[in-house]
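In: Turn this into a model:
(2 chains)
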Amino acid sequence: MTRRGFLLGAAALPAAAASDPGFRLVDVTGAAGIRFQHNSGAFGAKYLPETMGAGCAFLDYDADGWPDILLVNGMDWPGHRRRRSTLELYRNNRNGTFTDVTREAGLAVEMYGMGAAIADYNNDGFPDILVTAVGQNRLFQNTGKGHFLEVTEQAGLGGRSSFSTSAVWFDFDRDGHLDLFVCNYVKWSPEHDIFCSVDGSRKSFCTPEAYRGSTCWLFRNRGNGTFEDVTAASGVFDTSSKSLGVALLDYDGDGWPDLLVANDTQPNKLYRNRRNGTFEDVAVHAGVAFSEDGKARAGMGIDVADFDNSGAPGIAITNFDNEMIALYRAGRGGVYSDIALQTGVGQASRNTLGFGCIFFDADLDGRLDLLAANGHIDETVRNIHGNVGYAQPPHLFLNEGRGGFRDGAREAGVEFAAPKVARGAACGDFDRDGDVDLLITTNQGPALLYRNDVRNGHRSVRLRLVGTKSNRDGVGAVVRLWTPEGTQSRMVKTGSSYLSQSELTLTFGIGGRERADRVVIQWPSSRVEEYKNVAAGVYDCVEGQGIKPGPGAR
Amino acid sequence: MRAGRSPTIGLLAGLAITISAVTVYSFYTIGQLSSLRQRQSQVIDRNRADSLLLLRIQNDLNSAALAMRDMLDATEPYPLTAWRGQFQRMRVDLEDAVERERSFSPSDRTADQRQYLARSAAQFWDALDRIFALAESDEGEARARIRLSLGARQEALSTLVSRLLVQNNENEKQVAVETQGIYARAERNTYLFLAAMLVVVLVTSLYLVQYNRRMFHQVAALSERRSELARQLISIQENTFRHISRELHDEFGQILTAIGAMLQRASRRGAAMEAPLRGELEEVREIVQSTLDKVRALSQALHPVILEEAGLEAALSTHLPIFEKQTGIEIRYQTDGTGQVDGSVAIHIYRVLQEALNNVARHSKSTHAAVRLRYLRDAVVLEVEDDGVGFGAAKETHGMGLVSMRERAELVNGRLELLERGGGGALVRFTAPLSTEEAHAGV
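Out: As a prediction, this is how the structure comes out:
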């Protein structure tokens, strides 16, 4: 071999490795029968909510073990009615296709929906849906018979009009009943819309500085199907916040769920649970309120996960273009440091405006990768910032271990990497092949389903938790899984990302291994269960009853 | 002639003055710079830190104003007390900022002024606490108080902070002007210093140039005087020699010749004289003859009369055989061309020849020598060459012989060359003008 040939060969080695990430994300939207089209209601007035929606979710509404899909929709503005648009629910046909069951499920409701948070708040075994909206949020209770009942008023959530965005179900008082936290963006109504312009003549979308903040809400589940507004009593009341994303985490490791709220142009909030029904904001102390140079960024989507397998949750927050994604790693004394630049995530995301973001193990190698769904808010942005487009390719930062990330979106799939005006993002294994598939929504466009085909032989352990003493969904439970490569940890959590929610089943990539050495589940009720030699596969873990292969497991 | 005063002391003094000037100036500059740095850190940096903290306070006050507006708007379905947490967060930040601001506040602010901000802030929080307490029983009254008193307090605080910011701004501007002044002064001083240094260097250089010129002239005059003396010496020597030579030749020669002739006559006449007496007379006559020969030889040696009477070539022709006979060194004599050498020049050529041959005899260890006389258009060239050991060290040590040869060459404005021959041996070449008019023309 000539020297030149050798050098070329050596240079080609990493390139060859880079071109095959071991998995493909295949656009199966059409094949799966998903024909959703988001309606922002845009008619030229450029109302602020038009560019912000909408979200999506994976949920198993019929509890058959196959994830179904909920897509949130907007509607035409009053006085500009042209067509009817509603939420859409797609049932998983268990063969890679879906059936639109919106009407049968009773969800063909017109509303200016933004996001969704899904959990079994009444512990009846069937997931219930909260849809956030511009106007009145709605709570749909799952009857368990393929049908939903709107119980907003009965539950005590009625009579409120706001610009709600992401929401999270969690059991902050650990009484076994899931409570609800709802983010509100700004004080906006069509009557009080403000004229903003980038070029001085045509109207464009205002940045949130133009509007006043709006407090988030916290509703305590009384356990009888009704909720109590504890926003003020719990201390999360804050009229300066302009919140878009919220993630559940146990910041201080005390077993009590804390919340991290991503605020747009306002400091982020880290509400530490003081275990007495109140929260305190420790974001400044924890170093997540501002960017490293002290600026409040335009926080959009958010996710929290143990991406470095250190046992402590790290944080990703998507921001505006020219602000970079924030990637926080937990340090000593509860102080986070932004490692976006040193991991390569910062530079890669400098020119993108991110919304949905999810930590998931795309290639099942046991290291969490990071998806960021991108898209600008203004279609004329190209005229102002030449390097920033309206439609933008998503980022799929593949975790290479040792603190390095590489954007592998293009290698994962050309269709996947195509620019889009993405907003929501959720993940779930809809085809039950053991890997994690993706659902991405676009503003005023389709929802896109990407099937993940892991081709490198990697396998996974998937766990669906069912609480008995704890809340039925096991939200807040922390699962640790040991393999010779290290220890992974995951928390069962609703919310996260942007306006969206992923399936609650946890997926641990175990690479080429047959089994995990050990699995430890720490339930919100404080109960700890340990299982040894757990083979790859999908399991139901019922609190206090052990684990067994899940329904339909192969 | 008076020797010039040595410039060393003056130069050393100048150097000392220059070094001390540079040192003084350096200390001055360093002093200016450190005062500038001090000003920078004490005033400008401090001012900036203070302004940042004031901005932070202002930001908190603005947040408070927004929150107060939200409270008054009553669009939220929450009691006024719900805002407690929000205000508590602002309070923590604001009090921290006020505390820090106090340590950064410009030094010209009085203690009273420094206390004022903290006191006003404390009054604001006290008022707020009272309003929250009141809100638990009477929201309407609490709202009224927010609108009337708390709003005013907030505005007063905000105005105060704005004023402090403006003051900081003005301070900064003033310091910038002062800094500018310092820079300008330092710049002017630098130019002055450079100009002074330039003048010092210029004066010193001029002084040195002048001094060197004077020295050069002195050396030239001395050299001239020395040459003149040498000329006079040689000329006196030649005159004396010629005079003595004449006297010896003309007077003593005549006398001795006469005595010889008389003795001869006497001996002829006194044939009848007793043999012993005749013998003695004969002895005396021989002594006289020998004396006459010696006198003539001495006369010849002191000043070859033949030189004046028959010219240079005749003198050489006479002298060379005598030299050969005296030393046993074989001499090859050549002449090339013809010319009339002035007497005043000829004597020096003759003397140079004598000296060169003496050197051959004394130092060369050679048994052969060549003498060449070559006439050019207006000069004559004498060459004395041997195949001996060469000049060796003699040329460097400037033996008296060589010195006198050079003097003579200079005297006639000729040129003396001492050359080493390739295969050993020495060549003395003396080029002289034909007459002394030419010889002195250049002097």
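
In: my guess is residue B:47 meets residue B:173, correct?
Out: No - with contact defined as Cβ atoms under 8 Å, residue B:47 does not reach residue B:173; the gap is 10.2 Å. For every residue, glycine as well, the C-beta is placed using N, CA and C.

In: Neighbour count for those two, which is higher?
Out: Between residue B:47 and residue B:173, counted using other Cβ atoms under 10 Å in any protein chain shown, residue B:47 has the larger neighbour count: 20 against 10.

In: Relative to residue B:131, how far out is residue A:215?
Out: Distance, residue A:215 to residue B:131, by Cβ to Cβ, to the nearest Å: 19 Å.

In: Please read the previous query as pertaining to residue B:427.
Out: Separation of residue B:427 from residue B:131 (Cβ to Cβ) stands at 126 Å.

In: Compare those two and say which is more crowded by neighbours.
Out: Counted by other Cβ under 10 Å, residue B:427 and residue B:131 do not tie: residue B:131 has more neighbours, with 23 against 18.

In: Quick check, pLDDT for the more buried one.
Out: Residue B:131 carries a pLDDT value of 90.

In: show me the contacts for residue A:166.
Out: A:55, A:115, A:117, A:132, A:183, A:243-246, A:495, A:497-500 (Cβ atoms under 8 Å, 6 or more residues apart in numbering or on different chains).

In: among the residues you listed, who's most crowded?
Out: Counting neighbours by other Cβ under 10 Å, the top entry in the contacts of residue A:166 is residue A:498, with 37 neighbours.

In: Not including adjacent chain positions, what is the nearest residue to that residue?
Out: Spatial nearest neighbour of residue A:498, excluding adjacent residues (Cβ to Cβ, 6 or more residues apart in numbering or on different chains): residue A:301 at 3.3 Å.

In: what number of residues lie near that neighbour?
Out: 32.

In: again, but for the one 10 residues further on
Out: By the measure other Cβ under 10 Å, the count of residues near residue A:311 is 14.

In: Could I get the pLDDT score of it?
Out: At residue A:311, pLDDT is 90.

In: got it, and residue B:196?
Out: 88.

In: residue contacts, whichever residue of the stretch 51-200 of chain B sits closest to chain A?
Out: For the stretch 51-200 of chain B and chain A, the shortest gap (Cβ to the nearest Cβ) falls at residue B:82, measuring 3.2 Å. The neighbourhood of residue B:82, defined by Cβ under 8 Å, 6+ apart, consists of A:231, A:232, A:237, B:76.

In: What is the end-to-end distance of stretch A:171-186?
Out: 26 Å (Cα to Cα, to the nearest Å).

In: Am I right that residue A:244 falls within a strand?
Out: Yes - assessed by DSSP: H, G, I helix; E, B strand; the rest coil, residue A:244 belongs to a strand.

In: Before we go further, residue A:390 is sitting in a strand, right?
Out: No - per three-state DSSP, residue A:390 lies outside any strand segment and is coil.

In: do you know how far the residue of the stretch 51-200 of chain B closest to chain A is from residue B:241?
Out: Per Cβ to Cβ, residue B:82 is found 139 Å from residue B:241.

In: Equivalent analysis for residue B:50, please.
Out: From residue B:50 to residue B:241 the distance is 107 Å (Cβ to Cβ).

In: okay, these two: which has more neighbours?
Out: residue B:50 (24 against 17).

In: May I ask you to confirm that the more buried one belongs to a helix?
Out: Yes - assessed with three-state DSSP, residue B:50 lies in a helix.

In: quick one: contacts for it?
Out: Listed by Cβ under 8 Å, 6+ apart, the contact set of residue B:50 reads B:101, B:104, B:105, B:106, B:164, B:168.

In: quick one, longest helix in chain B?
Out: Secondary structure of chain B per DSSP state H: the longest helix is helix B:151-246.

In: related to what we said a few turns ago, need the contacts of residue B:82 in TSV (columns: neighbour count and secondary structure).
Out: Output for the contacts of residue B:82, formatted as TSV (neighbours: other Cβ atoms under 10 Å in any protein chain shown; DSSP: H, G, I helix; E, B strand; the rest coil):
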residue	neighbour count	secondary structure
A:231	22	helix
A:232	21	helix
A:237	23	coil
B:76	19	coil
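
In: Going by distance to residue A:259, which of those residues wins?
Out: Comparing the contacts of residue B:82 against residue A:259 with Cβ to Cβ places residue A:231 closest, at 12.7 Å.

In: Let me know whether the closest one touches residue A:238 as I believe.
Out: No - under the criterion of Cβ under 8 Å, residue A:231 is not in contact with residue A:238, lying 9.2 Å apart.

In: Residues that sit against both of these two, list them.
Out: Both residue A:231 and residue A:238 are in contact with A:215, A:216, where contact means Cβ under 8 Å, 6+ apart.

In: Got the domain ranges for chain B?
Out: B:8-208, B:310-441 (automatic domain parsing).

In: JSON lines please, covering those domains and showing distance to residue A:265.
Out: As requested, the domains of chain B are exported to JSON lines (distance: least, Cβ to Cβ, whole Å):
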{"stretch": "domain B:8-208", "distance to residue A:265": "13"}
{"stretch": "domain B:310-441", "distance to residue A:265": "97"}
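
In: picking up where we left off before, next SSE downstream of the longest helix of chain B?
Out: For helix B:151-246, the following helix or strand on the C-terminal side (DSSP states H and E) is helix B:253-269.

In: For the stretch 251-400 of chain A, give me the ranges with low pLDDT.
Out: For the stretch 251-400 of chain A, the stretches with pLDDT under 70 are A:384-386.

In: in it, what residue is nearest chain B?
Out: residue A:281 (6.1 Å).

In: same thing with chain A?
Out: Nearest to chain B in chain A, going by Cβ to the nearest Cβ, is residue A:232, at a distance of 3.2 Å.

In: Find the residue closest to that residue in space, skipping its chain neighbours.
Out: Closest residue to residue A:232 apart from its sequence neighbours, by Cβ to Cβ, 6+ apart: residue B:82 at 3.2 Å.

In: before we move on, what about residue B:373?
Out: Nearest in space to residue B:373, with sequence neighbours left out and distances taken as Cβ to Cβ, 6+ apart, is residue B:335 at 4.6 Å.

In: wait, what's in contact with residue 388?
Out: No chain was given, so I picked chain A. A:321, A:322, A:351, A:352, A:353, A:376, A:381, A:382.

In: wrong chain, I was asking about chain B
Out: The contact partners of residue B:388, by Cβ under 8 Å, 6+ apart, come to B:360, B:363, B:364, B:365, B:366, B:424, B:425, B:426.

In: If we use 7 Å, what do you get?
Out: B:360, B:364, B:365, B:366, B:424, B:425, B:426 (Cβ atoms under 7 Å, 6 or more residues apart in numbering or on different chains).

In: now, among those residues, which is nearest to residue A:107?
Out: The nearest member of the contacts of residue B:388 to residue A:107, counting by Cβ to Cβ, is residue B:424 at 129.4 Å.

In: Which of the contacts of residue A:388 are buried, as a PyMOL select command?
Out: Here is the PyMOL selection string for the buried members of the contacts of residue A:388, based on 16 or more other Cβ atoms under 10 Å in any protein chain shown:
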select buried, chain A and resi 321+352+353+376+381
